[in-house]
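Asker: What follows is a protein structure lacking sequence information:
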Ligand SMILES: Nc1ncnc2c1ncn2[C@@H]1O[C@H](COP(=O)(O)OP(=O)(O)OP(=O)(O)O)[C@@H](O)[C@H]1O
């Protein structure tokens, strides 16, 4: 998945913007120039932003311009210049080195200590192009500048990186850390990587280490709703619990409007993958940045009704081979999410059909149209459906009765698996629902007929890119609701990766009920634009040559 462009959200004009503009105008009058440049002073070049003049050898005249400021770093003693560009903070560490641009999204704090005049700037930076983000801090004293002026510069930068980007600073976070999820690294990841970043951004943290199954559910059920975000340092299991806790909250709708932001430390981290992608692996620093700077994105969730009991599912329901993949690979946890691919290969070799009847309330079955709709939404040509109204209130009522048959379609071929859900990725190696949209009010349902082992195996290679979607044999529809009736007593059902009884159930969609934090406003999965009718590449090239 290639990194998607940052900054796709509109930036409202805020009072902070006005304040900054006033400051800029004052600066134009050169009121901030404390000493005129000496005739012999060399120019310290700041490429494309030549506002800053200084003589580093004399440590003398420093000039602050509207965008730029120079500081003497406390630790190294070197002179560093900081310049505000349109969308980035330009940091120039040395005269003979290329400057580094830190996009505003990655700047998390700037302030001036008015007691000692030290300017502090905290930001995230990737040391290698493909490496993880890491927290960096610059601390230094601007020479010859009054503290109030430096404070104003820092505040202007803060306004650019927060309010001008539509993000509230100092978010109040409820953090749930599951010490036992995945390979049991959640506490270490939180303490070493995540917490320092959240604290650098001056977020307030209320941290709970979950002690048992159901603990996250209890906390979410009674959550005070003045938190800005629920951060889950876990896998998808804890997210499932939080959503179900919200469903039983005194004010379910309001609880669901508190965004959830995942830090991936479980063995299944599909929510993280769908929000952040996997170009940089399970980058906990990237996930922490999303906690600080992500924008609320409304997502659909499902009600699964089984034996009169209603459960919220946010990700998937799996039967047959796809459930075995989860439930049947518990002993391979040490592999991380690679265990799912091993389970898939094992299931294909066994090739057991799943004894169920599948019915659904169809919304769309044309694969090309579904792929085009996805592209239209991503390119902004199709509007997002309106957000649900009213933030307070009970859970939406169920509208599909279990014995409704009007408008329902039954799929009656022998089935190897049924997989239904929301969000393209279910694991790093598997984009199961490539045309899934966060808020279309529909669930993507696929049924694999037990026809050809070869066809399924041929799709495994392209599974990470969602290529299995185009397999002609794969039955893939979008539905308003669906139901499953077991035709034999034994089988597996996994809901959001958790084991459920293999009994009749029905699922329906609640459009835009839940909220997550996203950097992009859409799922971070790149699904290839090809269609089944497109000519092979080499033929196209030959055709173009004539
Ligand atoms: N202290 C604890 N001891 C045992 N289980 C716990 C504890 N805290 C939470 N859990 C349970 O761990 C389960 C898995 O959590 P998590 O979301 O972190 O990872 P996962 O990827 O879904 O699953 P896993 O990594 O366990 O395969 C959740 O269902 C949760 O209830």
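Answerer: Perfect, thanks for sending it. Quick caveat: nothing in here was measured; it's all calculated off a predicted structure.
Asker: All the helices of this structure, in order from the start?
Answerer: 15-28, 147-161, 186-189, 195-200, 215-221, 236-247, 252-256, 270-276, 284-293, 321-327, 338-350, 367-378, 453-460, 537-545 (DSSP state H).
Asker: buried stuff in the second one?
Answerer: Pointing back at helix 147-161 there. For helix 147-161, burial by neighbour count (16 or more other Cβ atoms under 10 Å) applies to 147, 149-161. Every C-beta, even on glycine, is put in place using the N, C-alpha and C of the backbone.
Asker: looking just at contacts, which helices and strands does that helix meet?
Answerer: Applying 3 or more Cβ pairs under 8 Å, 6 or more residues apart in numbering; DSSP states H and E, one finds that helix 147-161 contacts helix 15-28, strand 79-84, strand 107-112, strand 119-126.
Asker: Quick one: find the helix or strand in the chain with the lowest mean pLDDT.
Answerer: When the helices and strands of the chain are scored by mean pLDDT, DSSP states H and E, helix 15-28 comes last with a mean of 31.
Asker: where does the stretch 351-500 of the chain dip in pLDDT?
Answerer: For the stretch 351-500 of the chain, the stretches with pLDDT under 70 are 381-390.
Asker: Now with 80, please.
Answerer: For the stretch 351-500 of the chain, the stretches with pLDDT under 80 are 351-352, 380-390, 402-403, 451-461.
Asker: Show me which residues of it sit near the ligand.
Answerer: Neighbours of the ligand within the stretch 351-500 of the chain, by Cβ under 6 Å from any ligand atom: residue 497.
Asker: touching the ligand at all, stretch 313-329?
Answerer: No - judged by Cβ under 6 Å from any ligand atom, stretch 313-329 stays clear of the ligand, getting no closer than 8.7 Å.
Asker: can you tell me the distance between the two ends of that stretch?
Answerer: Stretch 313-329 has an end-to-end distance of 21 Å (Cα to Cα, to the nearest Å).
Asker: repeat for stretch 81-96
Answerer: Distance between the two ends of stretch 81-96: 13 Å, counting by Cα to Cα.
Asker: If I follow the layout properly, residue 256 ends up in contact with residue 246?
Answerer: Yes - using Cβ atoms under 8 Å, residue 256 is in contact with residue 246, at 5.0 Å.
Asker: So between these two, which is more surrounded?
Answerer: Applying other Cβ atoms under 10 Å to residue 256 and residue 246 shows that residue 246 carries more neighbours, namely 29 against 26.
Asker: I'd like to know how many residues surround residue 75.
Answerer: When neighbours are defined as other Cβ under 10 Å, residue 75 has 9 of them.
Asker: again but with residue 94, I slipped
Answerer: Residues near residue 94, counting by other Cβ under 10 Å, number 13.
Asker: Mind pulling up the pLDDT for it?
Answerer: pLDDT for residue 94: 73.
Asker: wait, isn't it in contact with residue 81?
Answerer: No - under the criterion of Cβ under 8 Å, residue 94 makes no contact with residue 81, lying 9.7 Å away.
Asker: and for these two, which residues touch both?
Answerer: Common contact partners of residue 94 and residue 81 (Cβ atoms under 8 Å, 6 or more residues apart in numbering): none.
Asker: could the helices of the chain be laid out in CSV, adding distance to residue 87?
Answerer: Shown next, in CSV, are these (distance: least, Cβ to Cβ, whole Å):
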stretch, distance to residue 87
helix 15-28, 14
helix 147-161, 9
helix 186-189, 30
helix 195-200, 21
helix 215-221, 36
helix 236-247, 32
helix 252-256, 33
helix 270-276, 20
helix 284-293, 13
helix 321-327, 42
helix 338-350, 38
helix 367-378, 21
helix 453-460, 40
helix 537-545, 36
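Asker: Could you say which of those is packed most deeply?
Answerer: Sort the helices of the chain by mean neighbour count, taking mean count of other Cβ atoms under 10 Å, and helix 270-276 sits at the top with a mean of 28.
Asker: Let me know whether that helix sits next to the ligand.
Answerer: No - Helix 270-276 stays out of contact with the ligand when judged by Cβ under 6 Å from any ligand atom, the minimum separation being 9.0 Å.
Asker: tell me what that helix is packed against?
Answerer: Contacting helix 270-276 under the criterion 3+ Cβ pairs under 8 Å, 6+ apart are the following elements: helix 236-247, strand 260-264, helix 284-293, strand 425-427, strand 505-518.
Asker: List the contacts of the first one.
Answerer: Helix 236-247 is touched from outside by 176, 178, 181, 210, 214-223, 230, 232, 252, 255-256, 258, 260, 262, 266, 268-271, 301, 310-315, 395, 495-498, 514, with contacts defined as Cβ under 8 Å, 6+ apart.
Asker: give me the beta-bridge partners of residue 303?
Answerer: residue 312, residue 508 (DSSP bridges).
Asker: brain fart, residue 234
Answerer: When bridges are called by DSSP bridges, residue 234 pairs up with residue 264.
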